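J.: From the sequence below, what's the structure:
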Amino acid sequence: MPIKDNTNQVLNAVDKKIVSCLRESALSVERTAKEPGYCPVKTGTARRSIVSNWYKSGSNRAEAWPAIPEKGIKAGKTSIDSQTEKKAIIGSNVEYFPYIEMGTRKMSARAPLRRALEANWDKIKMIFKGT
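T.: From the prediction side, this is the model:
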């Protein structure tokens, strides 16, 4: 009896599961970052602008997060499983959001995205463990 090679089916199933876990994790961090107390609110623009996206190999979506010019950092960029080019990005397209996240010489960092990620870290680990 010949042995059937199911490698492609297994790899496709694993790929779908990873993307599903990325999606669930990114949405969880996004929701937390929008909760009261995470993102400073004057007009609400920064909080409303927080979004998440998840990508897999071959995706053609653009990463349009504003950079912090002096450091070349993109706000809210979180790369998960970068070796296989799957990642989740949580960020904002508001021009001043990097300064809220990272701070400036005259203003301390508020870090709503990093704090939301830390608050969800155990949940994210459970999502990827499958429990």
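J.: Now for Lys4, how many residues are close by?
T.: Neighbour count for Lys4, taken as other Cβ atoms under 10 Å: 7. (C-beta placed from N, C-alpha, C; glycine too.)
J.: any idea which element it lies in?
T.: For Lys4, there is no enclosing helix or strand under DSSP states H and E.
J.: What pLDDT is listed against it?
T.: Lys4 is assigned 90 on the pLDDT scale.
J.: show me where pLDDT drops low in the protein?
T.: Residue ranges of the chain with pLDDT under 70: 54-85, 131.
J.: rerun that using 50 as the cut-off
T.: 59-83 (pLDDT under 50).
J.: any idea where the strands of it begin and end?
T.: 51-55, 67-68, 73-74, 77-78, 87-91 (DSSP state E).
J.: Pull out the buried positions in the last one.
T.: What it means is strand 87-91. 87-91 (16 or more other Cβ atoms under 10 Å).
J.: As a markdown table, the residues you listed with distance to Leu117 would be great.
T.: Converted to a markdown table, those look like this (distance: Cβ to Cβ, whole Å):
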| residue | distance to Leu117 |
| --- | --- |
| Lys87 | 13 |
| Ala88 | 10 |
| Ile89 | 12 |
| Ile90 | 8 |
| Gly91 | 12 |
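J.: And those, which is closest to Cys21?
T.: Cys21 lies nearest to Ala88 out of those, by Cβ to Cβ, at 9.1 Å.
J.: Please tell me how far the closest one sits from Gly37.
T.: Between Ala88 and Gly37 the computed distance is 23 Å (Cβ to Cβ, to the nearest Å).
J.: Then Glu95?
T.: Distance, Glu95 to Gly37, using Cβ to Cβ: 23 Å.
J.: swap in Ile89?
T.: Counting by Cβ to Cβ, the gap from Ile89 to Gly37 is 23 Å.
J.: how long is stretch 94-104 end to end?
T.: Length of stretch 94-104, first residue to last, Cα to Cα, to the nearest Å: 16 Å.
J.: before we move on, what about stretch 25-42?
T.: Stretch 25-42: ends 27 Å apart by Cα to Cα.
J.: Good, we can wrap up now.
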